[in-house]
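# give me a 3D structure for the following:
(chains A and B)
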There are 2 protein chains.
Amino acid sequence: MRDHDVVGIGNAIVDIIVRSDDAFLVQQGCSKGSMRLVDQAAIAALYAAAGPGIEISGGSAANTMVGVASFGARAGFIGRVADDTFGEVFGHDIRAAGVTFTTSPTANSEPTGRCLVLVTPDGQRTMNTFLGVSPQFAAADIDAELIASARILYLEGYLFDRPQAKAAFRRAAAIASGAGRKVALSLSDPFCVDRHRSELREFARTSTDILFANEAEILALYQTTSFDAAARSAARDCELAALTRSEKGSLVLSGGQSLQVSPAPVGRLVDTTGAGDLYAAGFLFGIAAGAGPQRAGELGSLAAAEVIGHLGARPEVRLAELARAKGLLS
Amino acid sequence: MRDHDVVGIGNAIVDIIVRSDDAFLVQQGCSKGSMRLVDQAAIAALYAAAGPGIEISGGSAANTMVGVASFGARAGFIGRVADDTFGEVFGHDIRAAGVTFTTSPTANSEPTGRCLVLVTPDGQRTMNTFLGVSPQFAAADIDAELIASARILYLEGYLFDRPQAKAAFRRAAAIASGAGRKVALSLSDPFCVDRHRSELREFARTSTDILFANEAEILALYQTTSFDAAARSAARDCELAALTRSEKGSLVLSGGQSLQVSPAPVGRLVDTTGAGDLYAAGFLFGIAAGAGPQRAGELGSLAAAEVIGHLGARPEVRLAELARAKGLLS
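Coordinates of the predicted model:
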């Protein structure tokens, strides 16, 4: 097994991106900017009502691993697809992006997970996810050798939505810790945090070295309305925390320090899908490459700015070249 | 049956768009800028070697019908998909764009057709098409009522690549002519013209009212190296002909007149896929709406310019609004 810099575990999802307006969100009962879980019948009904789409591979941790690889680091992904067309598309796209992906597809089961992403003219994304087969991996599916080979294990909070996946998540964290590796956690979504607050808080405190959250998520985790109070709690619980605040940039908490990181300039905001995923990619790449926390945050900002300038949650350019052009990478 | 302005018949295809470089085209034996037919094994091998993709519904005549609907006219499409994921995606996207599409999917057969579109940094597209189930519609599948209801029947030359589809094509033209409707033909691709020159020339002469071709296609049809000679032949064979010449605009031949149409300004050329399809959309919309041939050509230029400014062969904005903003539509 070739050593990896970062290995991610998450839901393997193909995004169906549809341009929408606010009225459609209201009509369909969507909460703008959030992710909701829907069943197969609900996503079919929503799809039937929605406009023409574009299919692009997605999945939060998968997007992050594609970003890490795009920076030139060695990334791996563990997640489940079905033996169907979207599974083939997902597997092709992540491998073609240079990410190690060996989880075998499941046959004769639920379909590959998909997310109907409604993008409004203001660039906001509202997600409706049918998980399909994606949470159907168990602790036994965890590739211990792959995880032990990587400097950092990256886990998406969305996995807490299914008990079986959560068990795999915990086993992976134990393997990484046992091998002296770092464990990183992304909180994924404020509603996901609400659903699993006590377990996620416990996991952040006891098992997480690097925590990623946006403002809404970190407030939800610590049940507070004060960002400063939430940041103090995060700094107490984790060695390193990166809190993203959209156009306000991010706050990186490291060894008692509070570092403000500016956002990178964005040409035209087209689609915020993947902003957090790609911030995490730049940050994890930076840490794995030995950069300090401030520089890691700047790499995160750069990757987030790239991905929100076009449809879809995966970079359209080589992030390593972009980072070199901006003087963030030699 | 609600009356339609234009009904198109063509291969129902989902495009898999992959950014590529010239070296990859050479390595894979692709002839830059053209379309080649490949079998299932060949497209799988090519896909495995290619980079990450984006899936967007395509198909030449289907793109044209989506464009016609985007201008606000009533469009219909006849074409075959399989009862699979790409078939579902194709059917959703074309209906969501407002096009009547009632051809039933075929079960237990070949998969839905797909085209691996390799887009190079200069915006050129090189297409590798696995037709799958798409040519499997026969004369019996032709919806005579739908065709007779439409002012214009639009046929893509690619259909000549399969005998069964060609028979359906001829039957559709006979129905349209019998109902006093106009028949439009697009030559699709110079290699397609080479494969079926005598039949296409005969069809243009005897059964075509409106002919669409680009420069390479019209030269191939009349086996000449002189564009002027080819244009004279087209003017002799068809009542109306629109010959597109990329950045040189188009030449519209109508009732003994030769009208030069300027290209519409393009911001950044991203992907030429669909330029001809959308030119045809604007032109057909114009003619169906009672515009003169010059204005029809201008509407064609406008739609072509929109579609080459982004990935994929379907418009990202409402063409009716764009045309109004440019003063081409009241």
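# so where is chain A shaky, pLDDT-wise?
Per-residue confidence for chain A (pLDDT under 70) gives these ranges: A:1-2.
# again, 90 this time
A:1-3, A:34, A:104, A:107-109, A:135-142, A:158-169, A:188-189, A:255, A:267-268, A:330 (pLDDT under 90).
# can you list the residues of it near chain B?
For chain A, the residues in contact with chain B (CB under 8 Å from any CB of the partner chain) are A:19, A:47-48, A:50-57, A:66, A:84-86, A:89, A:92-94, A:96-97, A:312, A:314, A:316. (C-beta placed from N, C-alpha, C; glycine too.)
# of those, which belong to strands?
Mapping the residues of chain A next to chain B onto strands (DSSP state E) picks out A:19, A:53-57.
# tell me which of these is nearest to chain B?
Nearest to chain B among these: A:E55, at 3.7 Å, using CB to the nearest CB.
# my read: the closest one touches A:Y47, true?
No - if you go by CB atoms under 8 Å, A:E55 and A:Y47 don't touch, sitting 11.4 Å apart.
# show me whatever sits in contact with both of these two.
By CB atoms under 8 Å, 6 or more residues apart in numbering or on different chains, A:E55 and A:Y47 have these common neighbours: A:I16.
# who's more crowded, the two?
Using other CB atoms under 10 Å in any protein chain shown, the more surrounded residue of A:E55 and A:Y47 is A:E55, with 25 against 19.
# quick one: neighbours of A:R171, just the number.
Neighbourhood size, A:R171 [other CB under 10 Å]: 17.
# need the contact list for it.
When the contact criterion is CB under 8 Å, 6+ apart, the partners of A:R171 are A:139, A:142.
# now the strands for the stretch 101-250 of chain A?
A:113-119, A:125-130, A:150-156, A:182-186, A:210-214, A:240-244, A:250-254 (DSSP state E, counting those that start in this stretch).
# closest one to B:D277 among the ones you listed?
strand A:113-119 (24.3 Å; CB to CB).
# excluding chain neighbours, what is closest to the residue in the stretch 101-250 of chain A positioned nearest to chain B?
Nearest residue of the stretch 101-250 of chain A to chain B: A:P111, at 8.2 Å (CB to the nearest CB). Closest residue to A:P111 apart from its sequence neighbours, by CB to CB, 6 or more residues apart in numbering or on different chains: A:G132 at 4.7 Å.
# before we move on, what about A:A167?
Closest residue in space to A:A167, ignoring its immediate chain neighbours: A:A139 at 5.1 Å, by CB to CB, 6+ apart.
# can you check A:V317 too?
With sequence-adjacent residues excluded and distances taken as CB to CB, 6+ apart, A:V317 is closest to A:E306, at 6.5 Å.
# go ahead and confirm that neighbour touches A:L319.
Yes - using CB under 8 Å, A:E306 is in contact with A:L319, at 6.7 Å.
# between those two, which has more neighbouring residues?
The neighbour count for A:E306 versus A:L319, taken as other CB under 10 Å, is higher for A:L319 (27 against 24).
# gap between the more buried one and chain B?
As judged by CB to the nearest CB, to the nearest Å, A:L319 and chain B stand 13 Å apart.
# which residues touch that residue?
Contacts of A:L319 by CB under 8 Å, 6+ apart are A:67, A:70-71, A:281-282, A:285, A:302-303, A:306.
# so who does the residue nearest to A:P111 touch?
Contacts of A:G132 (CB under 8 Å, 6+ apart): A:40, A:82, A:110-114.
# mind redoing it with 10 Å?
By CB atoms under 10 Å, 6 or more residues apart in numbering or on different chains, the residues touching A:G132 are A:11-14, A:39-40, A:43, A:80-82, A:84, A:86-87, A:106, A:109-114.
# show me those residues that map onto helices.
Assigned to helices by DSSP state H, the following of the contacts of A:G132 qualify: A:40, A:43, A:86-87.
# want to throw the residues you listed into JSON lines with distance to B:I147 and neighbour count?
JSON lines is the format used below for those (distance: CB to CB, whole Å; neighbours: other CB atoms under 10 Å in any protein chain shown):
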{"residue": "A:Q40", "distance to B:I147": "36", "neighbour count": "13"}
{"residue": "A:I43", "distance to B:I147": "35", "neighbour count": "21"}
{"residue": "A:F86", "distance to B:I147": "35", "neighbour count": "25"}
{"residue": "A:G87", "distance to B:I147": "39", "neighbour count": "24"}
